[in-house]
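Sequence and predicted structure below; questions after.
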There are 2 protein chains.
Amino acid sequence: MDGKPGLRERKKQRTHAAISEAAITLFLEHGFNQVSVAQVAEAAEVSKRTLFAYFPAKEDLVVHRLADHETESARVVRARPPRTTPLTALREHFLKGLRERDPITGLNDHPQILKLTRMILDTPSLVARMERFKAGAERALAEALRETADTPELTARLAAVQIVAVQWSLAQDNTARVTYGEPADERYAGAVADAEHAFALLANGLRHLPPRK
Amino acid sequence: MDGKPGLRERKKQRTHAAISEAAITLFLEHGFNQVSVAQVAEAAEVSKRTLFAYFPAKEDLVVHRLADHETESARVVRARPPRTTPLTALREHFLKGLRERDPITGLNDHPQILKLTRMILDTPSLVARMERFKAGAERALAEALRETADTPELTARLAAVQIVAVQWSLAQDNTARVTYGEPADERYAGAVADAEHAFALLANGLRHLPPRK
DNA sequence: ACTATATGTATACCAGGTGCAGAAATCTCC
DNA sequence: GGAGATTTCTGCACCTGGTATACATATAGT
């Protein structure tokens, strides 16, 4: 598909990677707010102006790595096997993520990833930036539902926001526990049980929330 | 409860109101990003530093008016009549909001409110600020569910994020349509139908999303 | 009226982000 | 392989949101 990326293209990729690496290294060492973009630029041997040509905002130096995940749920729904409901496919995919300790599930305690996760959660501007990913994920998933599940627009959007919110909530819970010190392997069983519970709730609805006596 | 607010207290309230008013006026006239906080401070006849003593960030000049709504769902759940499920109480409350054209439902086309809404939705940093309200609403609602519905922690959190996400989605839809030019009174019937559908989905679950053939 | 305290101001400063003019590298075509 | 067009990088000045410091003013309580 791409026999010769061209020198220019390769150089761009290398610069992009260099900036990102320098940024993550510095951020992990001193904290996001303690490092200025000027310092990152200097460490990457690039001008501040160039840095902003590659990354539109300081926060993107960190979160651009999660860009692929934005459309992950949508892709899973589109690629689901025949006779499988979207929810089933998404549940299976999430459980697979837990098994594989995919950082997106929050169930990963490798020190590097743990530290990065903690930094993100402790930095309001980074959390805000993550929320925008959530919005993107909702849009993409709604689109996938509409197209592959013959679902009316409104239903697709409502289902999408519920699903994304629940996945996010599960991941946050795992992250919180692992961050608190619980080893991922110990948390695994509980994480699976919680995920099953969550997807069951999603499937069966909230009508069983008890009334006031 | 407060017989004598005291001169100091009253002055503070007046300053607060003056700054907020000056800000909204200027923002509506020229746009959020086109007006600097320095200009707002000058219009309110206050120093920049004082402005930041009253409002922690520029965005708060706009969104502080919605602060009350943050715990609205939680209050509704706590105050629900006997033998009423949380979901029923929330549905009734939302429908009442539609009837009364509560701006929080998106179903309000008064020019002032419409313009303000449009401005918020068109300004990324303001949208981000709104997301933080959403998070607060989720926490408060989860707490209310846990306490008044005898629901385990996880279930309460999951239910809360779903409910808040759906309400938000409904409001956004209404806002989009009204912003697009549809009069609120014309939209009303559709908004009610959509809300009923959304709460039914919330109650009954997503298990009926069709499989891939 | 007098003093402790809360509130406001002026000024200087920092960091993220952008606009601009020109230098340097890359590509293209001969 | 070199000349010119094009893209990318750079340095610099500049704007804005937000904070620190040090000082002035107004209020509250006696």
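That came through fine. For clarity, every value in this text was computed on a predicted model and none was experimentally measured.

For chain B, what's the nearest residue on chain A?
For chain A, the nearest residue to chain B under the criterion Cβ to the nearest Cβ is residue A:205, separated by 3.3 Å. Placement of C-beta: from N, CA and C, glycine included.

With residue A:103 as the reference, measure out to the closest residue to that residue other than its chain neighbours.
Take residue A:205 and drop its neighbours on the chain: the residue closest to it by Cβ to Cβ, 6 or more residues apart in numbering or on different chains is residue B:205, 3.3 Å away. According to Cβ to Cβ, to the nearest Å, residue B:205 stands 29 Å off from residue A:103.

again with residue A:145
Taken as Cβ to Cβ, the span from residue A:145 to residue A:103 is 25 Å.

Equivalent analysis for residue A:36, please.
Distance from residue A:36 to residue A:103, by Cβ to Cβ: 27 Å.

residue contacts, the residue lying closest to residue A:132 once chain neighbours are set aside?
Excluding its sequence neighbours, the residue lying closest to residue A:132 (Cβ to Cβ, 6+ apart) is residue B:128, at 7.2 Å. Applying Cβ atoms under 8 Å, 6 or more residues apart in numbering or on different chains to residue B:128 gives the contacts A:128, A:131, A:132, B:59.

so which of those residues also contact DNA strand D?
Counting by Cβ under 7 Å from any atom of the strand, residue B:59 from those sit close to DNA strand D.

hey, which helix is longest across chain A?
The longest helix of chain A (DSSP state H) is helix A:153-180.

Give the other helices and strands that that helix contacts.
Under the contact criterion of 3 or more Cβ pairs under 8 Å, 6 or more residues apart in numbering or on different chains; DSSP states H and E, helix A:153-180 touches helix A:72-78, helix A:86-99, helix A:111-122, helix A:124-148, helix A:184-204, helix B:153-180, helix B:184-204.

Turn those into a markdown table, including mean pLDDT and distance to residue B:32.
Compiled in a markdown table, the helices and strands packed on helix A:153-180 are given as follows (pLDDT from 0 to 100; distance: least, Cβ to Cβ, whole Å):
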| stretch | mean pLDDT | distance to residue B:32 |
| --- | --- | --- |
| helix A:72-78 | 98 | 31 |
| helix A:86-99 | 98 | 37 |
| helix A:111-122 | 96 | 27 |
| helix A:124-148 | 97 | 16 |
| helix A:184-204 | 98 | 37 |
| helix B:153-180 | 97 | 16 |
| helix B:184-204 | 98 | 24 |
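
Redo the ones you listed as TSV? Include distance to residue A:158.
Shown next, in TSV, are those (distance: least, Cβ to Cβ, whole Å):
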stretch	distance to residue A:158
helix A:72-78	15
helix A:86-99	13
helix A:111-122	28
helix A:124-148	9
helix A:184-204	12
helix B:153-180	6
helix B:184-204	5
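
Which residues of chain A lie near DNA strand C?
So far as Cβ under 7 Å from any atom of the strand goes, chain A lies against DNA strand C at A:6-9, A:11, A:35-38, A:48-49, A:52, A:56-59.

Could you turn the buried ones of the residues you listed into a ChimeraX selection?
Burial among the residues of chain A next to DNA strand C is assessed by 16 or more other Cβ atoms under 10 Å in any protein chain shown; the matching ChimeraX selection reads:
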select /A:35,37,58,59
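
any idea which of the residues of chain A next to DNA strand C is least confident?
In terms of pLDDT, the least confident member of the residues of chain A next to DNA strand C is residue A:7, at 71.

ok, now how distant is that one from residue A:14?
10 Å.

Also residue A:21?
From residue A:21 to residue A:14 the distance is 10 Å (Cβ to Cβ).

for residue A:163, same thing?
38 Å.

State the next helix or strand along the chain beyond whichever strand or helix holds residue A:12.
When elements are assigned from DSSP states H and E, residue A:12 belongs to helix A:7-30. Counting by DSSP H and E, the next helix or strand C-terminal to helix A:7-30 is helix A:37-43.

Tell me which residues touch residue A:33, please.
residue A:123.

Could I get the phi/psi values of it?
Dihedral pair for residue A:33: phi -80, psi -20, per degrees, to the nearest 10.

Same question for residue A:150.
phi 50, psi 50.

wait, it sits on residue B:210?
Yes: proximity of residue A:150 to residue B:210 meets the contact threshold set by Cβ atoms under 8 Å, at 6.1 Å.

Pull the number of nearby residues for residue A:29.
Residue A:29: 10 surrounding residues under other Cβ atoms under 10 Å in any protein chain shown.

Please report how far it lies from residue A:23.
From residue A:29 across to residue A:23, the span is 11 Å (Cβ to Cβ).

Equivalent analysis for residue A:208, please.
From residue A:208 to residue A:23 the distance is 47 Å (Cβ to Cβ).

neighbour count winner among those two?
residue A:23 (25 against 12).

The nearest residue to that one once chain neighbours are set aside: what secondary structure?
Leaving aside its sequence neighbours, residue A:23 sits nearest to residue A:61 (Cβ to Cβ, 6+ apart; 4.0 Å). Residue A:61 falls in the helix class when you classify it by DSSP: H, G, I helix; E, B strand; the rest coil.
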